[in-house]
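**Q** build the 3D model from these lines:
(3 chains)
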Amino acid sequence: MNSPEAVRAVVEELKALYPDGICSLHYQKDYELLFSTRLSAQCTDERVNQVTPTLFSRFPTLEALANADVAEVEEIVHSTGFFRAKARDIVAASRMLLDEYGGKVPNTMDALLKLPGVGRKTANLVLGDIHHTPGVVVADTHCIRITGRLGFTDGSKDPVKVEQQLRAILPPEESNDFCHRMVLHGRAVCMARKPDCASCTLRPWCDFYNGGDGQ
DNA sequence: ATCCCGAGGG
DNA sequence: CCCTCTGGAT
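**A** I've put the predicted structure just below:
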């Protein structure tokens, strides 16, 4: 049920539920968000936040990361999983940021996707949170699952299709915060395995709850 | 066994 | 489209 009224109601209810708490990854500098997001692949934000203080204090600048020993980075990020690829990507991307982008995190999807280890999800997060680009949709695992359950999408798991469908129904100035709230709601209430529909205040507009199949 | 704010390669 | 990369929590 993706009527404009339902979408507006859900957007407002989410604002009431999660007034601030927009990004749950801890970071100070722009590139720190970029690399924290790389580390968050198939890993909880909580665990990422446990390793990034060590990583960014051991290598406190982009230059330090670019010249870092990959094995040492691997050790620091080991517990986040996929540690070999993540460590390699962080060092290589640091070099590319310095060599080709003047040490600044680029502000276009095209440039971001050229960075090693940066895919669509990370690029969208950076565009929204660092560059405040309007109309950004971060179609991550929580966003895809919850908007699918709500009936805001056709149930597709393809991030590009979900992005397009959500961009079509969300106000551009709301879309980025909406996606962050999907993450918060996905952790607290609308979990993948056992969604807590009993405590969910989005029930009135949720296909999964109201539909005949799910619950 | 399944999931966690994925990315890259075939 | 598929597969692989990887550890930790439930």
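**Q** any weak-confidence spans in chain A?
**A** For chain A, the stretches with pLDDT under 70 are A:21, A:212-215.
**Q** now do 50
**A** In the predicted model, chain A carries pLDDT under 50 at residues A:213-215.
**Q** ok, the residue of chain A found nearest DNA strand C - contacts?
**A** DNA strand C sits closest to residue A:81 of chain A, with a gap of 1.9 Å, by CB to the nearest atom of the strand. Quick note: C-beta positions are derived from backbone N, CA and C, even for glycine. Going by CB atoms under 8 Å, 6 or more residues apart in numbering, residue A:81 touches A:41-43.
**Q** swap in 7 Å and give it another go.
**A** Neighbouring residues of residue A:81 by CB atoms under 7 Å, 6 or more residues apart in numbering: A:42-43.
**Q** next one: residue A:109
**A** With CB under 7 Å, 6+ apart, residue A:109 has these contacts: A:123, A:127.
**Q** ramachandran angles for it?
**A** Main-chain torsions, residue A:109, degrees, to the nearest 10: phi -60, psi -40.
**Q** at which residues are the helices of chain A located?
**A** A:4-17, A:30-39, A:45-58, A:62-66, A:70-77, A:83-101, A:109-114, A:120-129, A:141-150, A:159-169, A:175-188, A:207-210 (DSSP state H).
**Q** report all helices and strands that the shortest one contacts.
**A** The reference is to helix A:207-210. When contacts are defined as 3 or more CB pairs under 7 Å, 6 or more residues apart in numbering; DSSP states H and E, helix A:207-210 packs onto helix A:141-150.
**Q** what's the helix it packs on in contact with?
**A** Identification of contacts with helix A:141-150 by CB under 7 Å, 6+ apart yields A:10, A:153, A:155, A:157, A:159, A:162, A:166, A:179, A:182-183, A:185-186, A:190, A:192, A:202, A:205-208.
**Q** redo the helices of chain A as TSV? Include distance to DNA strand C.
**A** Shown next, in TSV, are the helices of chain A (distance: least, CB to the nearest atom of the strand, whole Å):
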stretch	distance to DNA strand C
helix A:4-17	22
helix A:30-39	10
helix A:45-58	6
helix A:62-66	18
helix A:70-77	8
helix A:83-101	3
helix A:109-114	15
helix A:120-129	13
helix A:141-150	12
helix A:159-169	9
helix A:175-188	11
helix A:207-210	21
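**Q** buried deepest among those helices, which one?
**A** Among those, helix A:30-39 has the highest mean neighbour count (mean count of other CB atoms under 10 Å), at a mean of 24.
**Q** pull that one out as CSV, backbone CA atoms only.
**A** Extracted in CSV, the C-alpha atoms of helix A:30-39 (Å, rounded to 0.1, in the frame of the first residue of the first chain):
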residue,chain,number,x,y,z
ASP,A,30,34.5,12.4,5.6
TYR,A,31,36.8,9.6,4.6
GLU,A,32,36.1,7.9,8.0
LEU,A,33,32.5,7.5,7.1
LEU,A,34,33.5,6.1,3.7
PHE,A,35,35.7,3.4,5.3
SER,A,36,33.3,2.7,8.1
THR,A,37,30.7,2.0,5.5
ARG,A,38,33.1,-0.3,3.7
LEU,A,39,33.7,-2.2,6.9
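**Q** cheers, nothing more for now.
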